[in-house]
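fold the following, please.
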Amino acid sequence: MPKLSNEQLEEKYLNLSSYENEYLARGLKLIAGIDEAGRGPLAGPVVAAACILNPEVKILGLDDSKKLTEKKREALFPEIKQKALAYAVVDVDNNVIDEINILEATKSAMRSCVKELESKGYKPEVLLIDAVKLEGTDVNEVVPIIKGDAKSNSIAAASVLAKVTRDHMMRDFDEVYPGYGFAKHKGYGTADHYKAIREQGICPIHRKTFLKVIH
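The predicted structure follows:
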């Protein structure tokens, strides 16, 4: 991916601010972007993040975390934490995923993020969410946006927070449960991962409901 100039980064930031600017123009300031990482893997938690950006402080280079290099995500991670008005990151483990299913686990993590923001004194006035229709919050405006992590800076920031947090967790799990390659594939269903499961069996962080075929 070619490196963007500062002018291009500024333009991209402006383009990804359209949703936020719409609500800012209405006088709403606490606009939280929400996204998740880890709905698809065979192992590990699902992680949700919520982020309220400061409209006065730009974070250039935000995008859907999957489109960014690992190096870029790692660089943005502390910058987002430093410059955001508020953020929250919540994980839900594989046992809960097996119990209530991945969609409900994802929504539970997202609702917990909203509650954490409230506990920090930043009750969102608007939730911009990547694709998920989230019920169960007392926020008046909840806006699911298809591919929102590529259309909203707030969602993109949450995407990076969730992705990097989960990647770090999976690297730690790789040391606890060696031989599965968690540090490399982060729990996704690669050929090497399936091979390791067949040879070693499942481990405590595997999602049993995702592995019925293996059984």
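
by mean pLDDT, flag the weakest helix or strand of this structure.
helix 6-15 (a mean of 91; mean pLDDT, DSSP states H and E).

list the buried residues in it.
Judged by neighbour count using 16 or more other Cβ atoms under 10 Å, the buried positions of helix 6-15 are 12-13. (C-beta placed from N, C-alpha, C; glycine too.)

got the contact list for the helix or strand following that helix?
Next helix or strand after helix 6-15 toward the C-terminus (DSSP states H and E): helix 18-25. Residues outside helix 18-25 that contact it (Cβ atoms under 8 Å, 6 or more residues apart in numbering): 31, 53, 55, 125-126, 128, 141, 143, 145, 151-154.

between those, which has the most around it?
Neighbour counts for the contacts of helix 18-25, by other Cβ atoms under 10 Å, peak at S154, which reaches 31 neighbours.

which of the helices or strands spans that residue?
helix 153-176.

by contact count, what packs against the helix or strand following that helix?
Downstream of helix 153-176, the next assigned helix or strand under DSSP H and E is helix 182-185. Secondary-structure packing of helix 182-185 (3 or more Cβ pairs under 8 Å, 6 or more residues apart in numbering; DSSP states H and E): helix 153-176, helix 191-200.

ok, now with 6 Å
If contacts are counted by 3 or more Cβ pairs under 6 Å, 6 or more residues apart in numbering; DSSP states H and E, helix 182-185 sits against helix 153-176.

then the helix it packs on to PDB, C-alphas only?
Extracted C-alpha coordinates of helix 153-176, given in PDB (Å, rounded to 0.1, in the frame of the first residue of the first chain):
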ATOM      1  CA  ASN A 153     -13.300   7.800  12.100                       C
ATOM      2  CA  SER A 154     -14.900   6.900  15.400                       C
ATOM      3  CA  ILE A 155     -15.800   3.400  14.300                       C
ATOM      4  CA  ALA A 156     -12.300   3.100  12.700                       C
ATOM      5  CA  ALA A 157     -10.700   4.100  16.000                       C
ATOM      6  CA  ALA A 158     -12.800   1.500  17.800                       C
ATOM      7  CA  SER A 159     -11.800  -1.100  15.200                       C
ATOM      8  CA  VAL A 160      -8.100  -0.500  15.900                       C
ATOM      9  CA  LEU A 161      -8.600  -0.600  19.600                       C
ATOM     10  CA  ALA A 162     -10.500  -3.900  19.400                       C
ATOM     11  CA  LYS A 163      -8.200  -5.500  16.900                       C
ATOM     12  CA  VAL A 164      -4.900  -4.700  18.600                       C
ATOM     13  CA  THR A 165      -6.200  -5.600  22.000                       C
ATOM     14  CA  ARG A 166      -7.300  -9.000  20.700                       C
ATOM     15  CA  ASP A 167      -4.100  -9.600  18.800                       C
ATOM     16  CA  HIS A 168      -2.100  -9.000  22.000                       C
ATOM     17  CA  MET A 169      -4.400 -11.400  23.900                       C
ATOM     18  CA  MET A 170      -3.900 -14.100  21.300                       C
ATOM     19  CA  ARG A 171      -0.100 -13.700  21.400                       C
ATOM     20  CA  ASP A 172      -0.300 -14.200  25.200                       C
ATOM     21  CA  PHE A 173      -2.400 -17.300  24.700                       C
ATOM     22  CA  ASP A 174       0.200 -18.600  22.300                       C
ATOM     23  CA  GLU A 175       2.600 -18.800  25.200                       C
ATOM     24  CA  VAL A 176       0.100 -20.500  27.500                       C
END
